[in-house]
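Asks: only geometry, no sequence info:
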């Protein structure tokens, strides 16, 4: 970023396989990159609106209705969209050991589950299993985030966009039906990544690590 010209951004290859990883494997991974691209977000206003919770600004579908939050122990807000889509914002204290790291330990554990198609998403027997998943790093308005794209065996999809400031972790998740939803997956994916923080503290004044 222009304010910190000497700042370093580091990418770590974290193998999620049981077999050994060879130099040829690494070469293929390093060669499989996507050039940054700029897409107009103007159409977002056609089907979504901006909401704010504390210093986190994010988008929800236009038909989203804010739920009452009876659980005072949870720092966040939840929206219901046409009865079949649920969007939730959760704010948790950041682990000091994870500061400057994308992904956090929780996300690394979830990435492991992506490779184990029999893994229960919620971590207990009988819960929906992951059948397909991917992750990518999204950088909007100077704030990097991790996007998880999951599909479960109950024909439900989950999008999660996770970012940090120097004290908290911000998790934005959308649960939606894979079939015949009120909004398309492309629409939900675009709106969930259009999120900003009014202040990130000192989070991005030091080196940032992507795992």
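Replies: That came through fine. From a predicted model like this one, the values you see are computed outputs, not experimental measurements. Residues are numbered from 1 along each chain as shown.

Asks: Name the helix or strand of the protein that has the lowest mean pLDDT.
Replies: Lowest by mean pLDDT, DSSP states H and E among the helices and strands of the chain is strand 101-102, with a mean of 49.

Asks: This structure: strands as residue ranges?
Replies: 9-11, 48-53, 56-61, 64-66, 76-81, 85-93, 101-102, 130-140, 143-152, 156-164, 168-177, 196-197, 208-210 (DSSP state E).

Asks: pLDDT averaged over the last one - what is it?
Replies: Taken as a whole, strand 208-210 has an average pLDDT of 54.

Asks: what residue ranges in the protein are flagged as low confidence?
Replies: The model of the chain has pLDDT under 70 over residues 1-41, 70-72, 95-125, 140-142, 201-211.

Asks: Including mean neighbour count and distance to residue 183, could the strands of the chain go into JSON lines?
Replies: C-beta: built from backbone N, CA, C; applies to glycine. Formatted as JSON lines, these follow (neighbours: other Cβ atoms under 10 Å; distance: least, Cβ to Cβ, whole Å):
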{"stretch": "strand 9-11", "mean neighbour count": "12", "distance to residue 183": "32"}
{"stretch": "strand 48-53", "mean neighbour count": "15", "distance to residue 183": "9"}
{"stretch": "strand 56-61", "mean neighbour count": "21", "distance to residue 183": "6"}
{"stretch": "strand 64-66", "mean neighbour count": "15", "distance to residue 183": "10"}
{"stretch": "strand 76-81", "mean neighbour count": "18", "distance to residue 183": "7"}
{"stretch": "strand 85-93", "mean neighbour count": "18", "distance to residue 183": "7"}
{"stretch": "strand 101-102", "mean neighbour count": "19", "distance to residue 183": "27"}
{"stretch": "strand 130-140", "mean neighbour count": "15", "distance to residue 183": "19"}
{"stretch": "strand 143-152", "mean neighbour count": "19", "distance to residue 183": "15"}
{"stretch": "strand 156-164", "mean neighbour count": "21", "distance to residue 183": "11"}
{"stretch": "strand 168-177", "mean neighbour count": "20", "distance to residue 183": "7"}
{"stretch": "strand 196-197", "mean neighbour count": "18", "distance to residue 183": "21"}
{"stretch": "strand 208-210", "mean neighbour count": "17", "distance to residue 183": "29"}
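
Asks: Which among the ones you listed is found nearest to residue 185?
Replies: strand 156-164 (6.5 Å; Cβ to Cβ).

Asks: tell me which strands and helices the closest one is in contact with?
Replies: In this structure, strand 156-164 packs against strand 143-152, strand 168-177, helix 185-192, with contacts taken as 3 or more Cβ pairs under 8 Å, 6 or more residues apart in numbering; DSSP states H and E.
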